[in-house]
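> sequence and predicted structure, then a few things I'm wondering about:
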Amino acid sequence: MAFSPDGHLLASASADATIRLWNIPSWTVRRILTGHPGRVSGVAFSPDGHLLASACWVGHDVRLWDVTSGETVRALSGHQGRVLAIAFSPDTDRTLLASADSDATSVLLWEVSSATRLAGLSGHTGPVTCLAFSPDGSLLASGDGTDYNVRIWGMWSLATSLP
């Protein structure tokens, strides 16, 4: 689940391949998003609240949704396993999205505006089950669900290699 930055919406992921957008505080469903081929394992709002990212177990992709229209903006493909975790950077100038999957080969880093895969961060030995950016966007934490290790990635160290 994820709250929108303004606190007016709650997005919930579901095993029935849907995402529900809930109005706060009435707790009524504003919209049901469909299109994933199977279980939705995670959701995250962009810092400006205009986009919602969702992770899928079956499709091995991340989808970006327009929150206002409920339409799919694009799919980000490149994972080999079930996508288990997603997180937006807090930077609104150049929004990055991190996604991680069950095959443990890497955490993928995307530039949202162009849907460009920027980097693959490898080093975990098991499925990466959680991701979080620091409030200033300079660090990304990733957690391994098998050996319970947390890796901290410095975004500044990638700056020279990112377009």
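Looks like it came in fine.
> give me the low-pLDDT residue ranges for the chain?
92-94, 104-105, 157-163 (pLDDT under 70).
> center of it, which residue is that?
Closest residue to the average C-alpha location of the chain: residue 86 at 2.5 Å, with C-alpha atoms, centre = their mean.
> pretty sure that residue contacts residue 98?
Yes - counting by C-beta atoms under 8 Å, residue 86 does reach residue 98; the two are 6.9 Å apart. C-beta here means a position set from N, CA and C on the backbone, and glycine is covered the same way.
> now list whatever residues contact both of those two.
Listed as contacting both residue 86 and residue 98 by C-beta atoms under 8 Å, 6 or more residues apart in numbering are residue 131.
> about what we covered before: who's in contact with the helix or strand hosting the residue nearest to the centre of the chain?
Here residue 86, judged by DSSP states H and E, is contained in strand 83-88. With C-beta under 8 Å, 6+ apart as the test, strand 83-88 has contacts from 41-47, 53-57, 59-62, 95-102, 112, 127-133, 140, 142, 145.
> how much space separates residue 119 from residue 48?
The gap separating residue 119 from residue 48 is 23 Å, by C-beta to C-beta, to the nearest Å.
> centre of the chain to the strand holding residue 86, how far?
3 Å (C-alpha atoms, centre = their mean, to the nearest Å).
> so what strands line up beside that strand?
Within its sheet, strand 83-88 is paired with strand 96-101 (antiparallel), according to DSSP bridges.
> residues in contact with residue 14?
Residue 14 touches 20, 39-40, counting by C-beta under 8 Å, 6+ apart.
> 10 Å - rerun?
20, 32-33, 36, 39-41, 43 (C-beta atoms under 10 Å, 6 or more residues apart in numbering).
> show me which of those are buried.
The neighbour-count test (16 or more other C-beta atoms under 10 Å) applied to these identifies 20, 33, 36, 39-41, 43 as buried.
> closest to residue 75 out of those?
residue 36 (9.5 Å; C-beta to C-beta).
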